[in-house]
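Visitor: predicted model follows, preceded by the sequence.
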Amino acid sequence: MSGTVAAEISQSSEKKQQNHVKRFASKLYNWVALMIVLGALLGNFFPKTGVAMQPVADGFINLIKMLIPAVILCTVVLGIAGAGSIRKAGRVGGKAILYFEVVSTFALVVGLIMANLFRPGGSFHADPSKLDPTLVAGYVTQAQHMTVTDHLLKMIPKTFFSAFTEGDILQVLLISVLIGFALARLPEQHARPMKEVLESVSKVLFGVMRFILFLAPFGAGAAIAFTIGKFGLRSLLPLASLILLFYATCAVFVLGVLGLIARISGFNILKLLRYIKSELLLVLATSSSESALIPLMEKLQRIGLSRSVVGLVVPTGYSFNLDGTNIYMTLASLFIAQALGIHLTIGQQMAILVVAMITSKGASGVTGSGFITLAATLAVVPGIPVAGMALILGIDKFMSEARAITNHIGNCTAAVVLASWEGELDWDTFRTELDRGSQTTI
């Protein structure tokens, strides 16, 4: 009898273990996490092999990026057309831009405050004459085309189709907004066929995205393997204080500023972060917030946000609400000045803040865009040599991960806040889903 009981207990234990294994294997999120760890080990112990994984990582990101322009067109146009009126769409868009500017300014100020408090470059005492300007020449060349006027004119594409072939999010946004407002003005009998076509195309694109996301473990693991294999963990040591301060500053901003905004709006930022943890993991691995743009929009609609708000706010936020990039630009600018022994007055720091507010617009979630916009900011602000960027060139890749994650969290928070302001949020569904935790799409 005791043997039978023991056998039943053993079988029950085996079934539980099998169920745990099945649950682990059924969630792509777990495979992404596992491949990130394996990719890090590969890059650390076999750096040449890790570097050779770059085509896999780039291929995965390019697969996602090829869908972004078409997805933005569909979601923004349907968001404006589905708002019910041009006035409502304009009101939501206006509130979104105002929100983005206010929160982005807070991000810039937080970066300035942390840089002045902790002075991460104060102990470097770097000699400006020994800096090699050729190391950042490529970024400076790109930044030379990012004067304030050129940056604003860049929003206008050369042709209708060039915006989509070049993948410029600002240009795609402009075209999408114009088409959306034009469609909203049409009589319903003329607008309906176009809406139905875009609805069908949107469903197909989201379906394609689900297929691509099954490759996420390989893309994430390859990206981490390449980063560590190319730059090495040892490259972090000389500037570890700056990296740690930047990550801490991003955390302060997310938990402090965004956390306070979330609390005022009626939700918990930590529960929201848990809900989008799979997307955050993907952004962490690829250093690109674009990699999770489509799954984020899908999740936000599932959690109770209206399609019109999601379609208007999230794509716009990827060009105008770059909180992580803003923190990086003020913190990195002051670090370079401190490392070179350059004293910046309050007026000069405010000049950096104002210029950064302009140059950061349009620096989408693509890896490396933050470094280019930093070059553009320093090129406009006198007193800090652009060559000083060579001091942080080796660690920029590791900092881009925090930039992308903070940008992603900022856009997710903005969508929920604006949906609540507009009464376009199903609070029962929202709170139920947050309490249940993440039902991951990847």
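Guide: Yes, it's here. Model, not experiment: these values are computed from the prediction.
Visitor: from here on, contacts and neighbour counts on C-alpha atoms
Guide: Fine.
Visitor: worst-scoring helix or strand of the chain, pLDDT-wise?
Guide: Using mean pLDDT, DSSP states H and E, the weakest-scoring helix or strand in the chain turns out to be helix 2-26, at a mean of 51.
Visitor: average model confidence for the helix or strand just after that one?
Guide: Heading C-terminal from helix 2-26, the first helix or strand you meet, by DSSP states H and E, is helix 28-45. What helix 28-45 shows for mean pLDDT is 87.
Visitor: now helix 28-45: buried residues?
Guide: Burial within helix 28-45, assessed by neighbour count using 16 or more other Cα atoms under 10 Å, is assigned to 28-33, 35-36, 38-44.
Visitor: quick one: which of those is nearest Ile264?
Guide: Tyr29 (30.7 Å; Cα to Cα).
Visitor: how near is that closest one to Leu213?
Guide: Distance of Tyr29 to Leu213, given as Cα to Cα, to the nearest Å: 10 Å.
Visitor: repeat that for Arg185.
Guide: Arg185 is 37 Å from Leu213, where distance means Cα to Cα.
Visitor: looking at these two, which is more packed in?
Guide: Leu213 (21 against 14; other Cα atoms under 10 Å).
Visitor: any low-confidence regions in the stretch 151-300 of the chain?
Guide: For the stretch 151-300 of the chain, applying pLDDT under 70 flags the ranges 151-154, 235, 238.
Visitor: centre-most residue in this structure?
Guide: The residue lying closest to the centre of the chain (Cα atoms, centre = their mean) is Ser289, at 3.0 Å.
Visitor: separation between that residue and Ile405?
Guide: Separation of Ser289 from Ile405 (Cα to Cα) stands at 7 Å.
Visitor: so what sits against both of these two?
Guide: In terms of Cα atoms under 8 Å, 6 or more residues apart in numbering, Ser289 and Ile405 are both contacted by the residues Val283.
Visitor: the closest residue to Leu67 other than its chain neighbours and Leu170, how far apart?
Guide: Excluding its sequence neighbours, the residue lying closest to Leu67 (Cα to Cα, 6 or more residues apart in numbering) is Leu205, at 7.0 Å. Using Cα to Cα, Leu205 is found at 20 Å from Leu170.
Visitor: of the two, which one has the most company?
Guide: Neighbour count, other Cα under 10 Å: between Leu205 and Leu170, Leu170 has more, with 25 against 17.
Visitor: surely the more buried one touches Pro157?
Guide: No - applying Cα atoms under 8 Å as the test, Leu170 and Pro157 come out as separate, 9.1 Å apart.
Visitor: tally of neighbours for Val197?
Guide: By the criterion of other Cα under 10 Å, Val197 has 11 neighbours.
Visitor: if you could redo that for Pro187, that was the one I meant.
Guide: When neighbours are counted by other Cα under 10 Å, Pro187 registers 9.
Visitor: make 10 the first number, not 1, from now on.
Guide: Sure, I'll start counting at 10 from here, so that last one is Pro196.
Visitor: OK, contacts around the residue lying closest to Ala49 once chain neighbours are set aside?
Guide: With Cα to Cα, 6+ apart as the criterion, Ala49 has its nearest non-adjacent residue at 5.2 Å, and that residue is Ala234. Going by Cα under 8 Å, 6+ apart, Ala234 touches 45, 48-53, 56, 59-60, 62.
Visitor: same deal with Val181?
Guide: Contact partners of Val181, counting by Cα under 8 Å, 6+ apart, are 78, 81-82, 172-173.
Visitor: nearest to Leu305, of those?
Guide: Of the contacts of Val181, the one sitting nearest to Leu305 (Cα to Cα) turns out to be Ile81, at 12.7 Å.
Visitor: ok, now which ones touch that closest one?
Guide: Each residue near Ile81 by Cα under 8 Å, 6+ apart is listed here: 181-182, 185, 320, 324.
Visitor: want to throw those residues into JSON lines with distance to Leu343 and secondary structure?
Guide: Below are these laid out as JSON lines (distance: Cα to Cα, whole Å; DSSP: H, G, I helix; E, B strand; the rest coil):
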{"residue": "Val181", "distance to Leu343": "33", "secondary structure": "helix"}
{"residue": "Leu182", "distance to Leu343": "32", "secondary structure": "helix"}
{"residue": "Ser185", "distance to Leu343": "37", "secondary structure": "helix"}
{"residue": "Gly320", "distance to Leu343": "36", "secondary structure": "helix"}
{"residue": "Pro324", "distance to Leu343": "30", "secondary structure": "helix"}
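Visitor: restricted to buried residues, select these in ChimeraX.
Guide: Applied in ChimeraX, the following selects the buried portion of those according to 16+ other Cα under 10 Å:
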select :181,182,185,320,324
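Visitor: quick check: the farthest pair among the contacts of Ile81?
Guide: Val181 and Gly320 (13.3 Å).
Visitor: thinking again about what came up before, export the helix or strand harbouring the residue nearest to Ala49 as CSV, just CAs?
Guide: If you go by DSSP H and E, Ala234 is part of helix 225-240. Extracted in CSV, the C-alpha atoms of helix 225-240 (Å, rounded to 0.1, in the frame of the first residue of the first chain):
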residue,chain,number,x,y,z
ALA,A,225,13.2,37.0,-31.4
PRO,A,226,15.4,34.5,-29.4
PHE,A,227,17.9,34.2,-32.2
GLY,A,228,17.9,38.0,-32.8
ALA,A,229,18.3,38.9,-29.2
GLY,A,230,21.0,36.3,-28.5
ALA,A,231,23.0,37.3,-31.6
ALA,A,232,22.7,41.0,-30.7
ILE,A,233,24.1,40.5,-27.1
ALA,A,234,26.8,38.1,-28.4
PHE,A,235,27.9,40.8,-31.0
THR,A,236,27.9,43.6,-28.5
ILE,A,237,30.0,41.8,-25.9
GLY,A,238,32.2,40.1,-28.4
LYS,A,239,33.1,43.4,-30.2
PHE,A,240,33.4,45.7,-27.2
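Visitor: now the angle between helix 37-54 and it, please.
Guide: Orientation of helix 225-240 against helix 37-54 (axes from the mean of the first three to the mean of the last three Cα atoms, to 10 degrees) gives an angle of 20 degrees.
Visitor: after helix 225-240, which helix or strand is next? Please name it.
Guide: Per DSSP H and E, the helix or strand that comes after helix 225-240 is helix 249-261.
Visitor: which strands or helices does that next one pack on?
Guide: Here helix 249-261 touches helix 95-127, helix 332-348, helix 405-430, going by 3 or more Cα pairs under 8 Å, 6 or more residues apart in numbering; DSSP states H and E.
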